[in-house]
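> give the three-dimensional model of this entry:
(one chain, ligands or ions: 1)
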Amino acid sequence: MSKQENFFQLSPQGFENFITEELKQKKFVAKQVLDWVYQKKVFDFSLMTNLKKDLREILQERFKFEVPNVVYQLKAADHSTIKVTLELSDKKQIETVFMKEDRGVTICISSQVGCAQKCIFCATGKMYGLRNLQAHEIVGQIIALQEMLGDKFPENFRVVYMGMGEPLNNINQVFKSLEILTDSKGFNIGSRKITMSTSGVVKGIYRLADRFPQVQLAISLHTVDEQLRKKWVPNQKETVKEILQAARDFIKTTGRKITFELVLFGGSQVSTSKLNLLGKALKGIHCNVNAIPYNPIEDGPQYLTRPTHQEVEYFKDIMSKWHREITVRVSRGRDIQAACGQLAIKNS
Ligand code: SF4
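Residues are numbered from 1 along each chain as shown. Modelled structure (predicted):
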């Protein structure tokens, strides 16, 4: 028997090609199977009763429906957030976060086990055993949540690639997962409901603009001080100047507004001169600025502190003089280490 392929590794278009080219079947047969999987959530070919028996057997032999296993779930005290630990087939673990917000549900998915960028304030960057996730492991996080929550899983939701890993360092698999999520015969999620968050992988930003121009872009910039950024995101090859240019080019190509994310620390980062430098650098760029007060992590540098309420207010004051759209985000799930930068599997 040939080695079974994971069904969720194929895009709907890829599956249709397989059905028409390899099996010499009509296109509508692919549509029937895709309907069973993505509409009816039936992950067993033998139950796809409108398919011929011999075709069901061929498909059964060729494909498996394997999704990551839920090994642990942690609910925030206010029930707004569930952090789920998932185990992959090689026993490595990743985390996915389900967040209920005023505007609806957002699912924060991981793209890698660990992260090579190693931002000094991020728990994921401190994990060992880095590897890229396959497309089926990326979309499989959403399916695992669907199975876990059953009727409670929402019809509509947003997806953010903001969990473990730098998605644009795993661009081929991430793009494949986007094909599966956005295809009307797949998950059918509007591209505008998907956000790609990057620490500033410039080549990836250009490729995203070209291939998925409707996907929202968020760049975790943190600071425009080159030396400081080098310290905070030590493995970033690109300079702040190059990242800002890629941001301008993305906006020009796609006509879309982007978001700059900043982890906001207390102390010197909120000095007038640093904030004015930031405001000046972003002037004229069609963007939102979204600041996230730092969530201290275990083993994080002692000198990085969470900003006080006054410092956050001061940040808002100065920045709004430069820019109209500033938000300071309340990180969901702080009490369960599900907030930004806190995702990590201790035993990886
Ligand atoms: S903040 Fe993002 S890019 Fe930086 S180490 Fe963590 S997961 Fe990677």
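> CA only for contacts and neighbour counts going forward, please
Fine.
> what's in contact with the lengthiest strand in the chain?
When the chain is scanned for its longest strand (criterion: DSSP state E), the result is strand 93-101. With Cα atoms under 8 Å, 6 or more residues apart in numbering as the contact definition, strand 93-101 has outside contacts at 80-88, 105-110, 112-113, 141, 163-164, 332, 338, 343-345, 348.
> got the CA coordinates for that strand in PDB?
The C-alpha coordinates for strand 93-101 follow below in PDB (Å, rounded to 0.1, in the frame of the first residue of the first chain):
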ATOM      1  CA  GLN A  93       3.900  20.500  20.600                       C
ATOM      2  CA  ILE A  94       2.600  23.900  19.500                       C
ATOM      3  CA  GLU A  95       0.000  26.300  20.900                       C
ATOM      4  CA  THR A  96      -3.100  27.800  19.300                       C
ATOM      5  CA  VAL A  97      -5.200  30.500  21.000                       C
ATOM      6  CA  PHE A  98      -9.000  30.900  20.600                       C
ATOM      7  CA  MET A  99     -10.100  34.500  21.600                       C
ATOM      8  CA  LYS A 100     -13.600  35.900  21.900                       C
ATOM      9  CA  GLU A 101     -13.500  39.600  21.400                       C
END
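> and it, is it in reach of the ligand?
No: judged by Cα under 6 Å from any ligand atom, strand 93-101 and the ligand are separated, with a smallest distance of 11.4 Å.
> list the buried residues in that strand.
In terms of neighbour count (16 or more other Cα atoms under 10 Å), strand 93-101 has its buried residues at Q93, I94, E95, T96, V97, F98, M99, K100.
> can you redo those as a markdown table with pLDDT?
Below are the buried residues of strand 93-101 laid out as a markdown table (pLDDT from 0 to 100):
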| residue | pLDDT |
| --- | --- |
| Q93 | 95 |
| I94 | 95 |
| E95 | 94 |
| T96 | 96 |
| V97 | 95 |
| F98 | 96 |
| M99 | 94 |
| K100 | 93 |
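> just to revisit the earlier point, give the pairing partners of the longest strand of the chain; include direction for each.
For strand 93-101, the pairing partners within the sheet under DSSP bridges are strand 81-87 (antiparallel), strand 104-108 (antiparallel).
> same for the next helix or strand after the last one, what does it pack against?
What it means is strand 104-108. For strand 104-108, the following helix or strand on the C-terminal side (DSSP states H and E) is strand 112-113. With contacts taken as 3 or more Cα pairs under 8 Å, 6 or more residues apart in numbering; DSSP states H and E, strand 112-113 sits against strand 93-101, strand 131-132.
> helices or strands next to the last one in the packing?
Judged by 3+ Cα pairs under 8 Å, 6+ apart, the packing partners of strand 131-132 are strand 112-113.
> who's in contact with the strand it packs on?
92-94, 129-133, 164-167, 170.
> now do that strand, average pLDDT.
For strand 112-113, mean pLDDT rounds to 96.
> next one: stretch 32-45
So the average pLDDT for stretch 32-45 ends up being 97.
> any low-confidence regions in the chain?
Counting by pLDDT under 70, the chain has low-confidence residues at 1-2, 324, 330-343, 345-348.
> hmm, 50 instead?
Residue ranges of the chain with pLDDT under 50: 1, 347-348.
> for the strands paired with strand 93-101, which one sits closest to the ligand?
Comparison of the strands paired with strand 93-101 against the ligand by Cα to the nearest ligand atom identifies strand 104-108 as nearest, at 11.8 Å.
> would you mind writing the CA trace of that closest one as CSV?
Coordinates of each C-alpha in strand 104-108 appear next as CSV, following Å, rounded to 0.1, in the frame of the first residue of the first chain:
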residue,chain,number,x,y,z
GLY,A,104,-16.0,38.2,17.1
VAL,A,105,-13.8,35.2,17.4
THR,A,106,-10.1,35.3,16.4
ILE,A,107,-8.0,32.2,16.2
CYS,A,108,-4.2,32.8,16.6
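> quick one: buried residues of that strand?
So strand 104-108, judged by 16+ other Cα under 10 Å, has buried residues V105, T106, I107, C108.
> what's the spacing between it and its chain's center?
Strand 104-108 has its C-alpha centroid displaced from the chain centroid by 11 Å (Cα atoms, centre = their mean, to the nearest Å).
> repeat for stretch 65-76
Taking mean C-alpha positions (Cα atoms, centre = their mean), stretch 65-76 and its chain are 17 Å apart.
> can you check stretch 116-127 too?
For stretch 116-127 - counting by Cα atoms, centre = their mean - the centre lies 16 Å from the chain centre.
> can you check the distance spanned by it, start to finish?
9 Å (Cα to Cα, to the nearest Å).
> please apply the same query to stretch 124-140.
20 Å.
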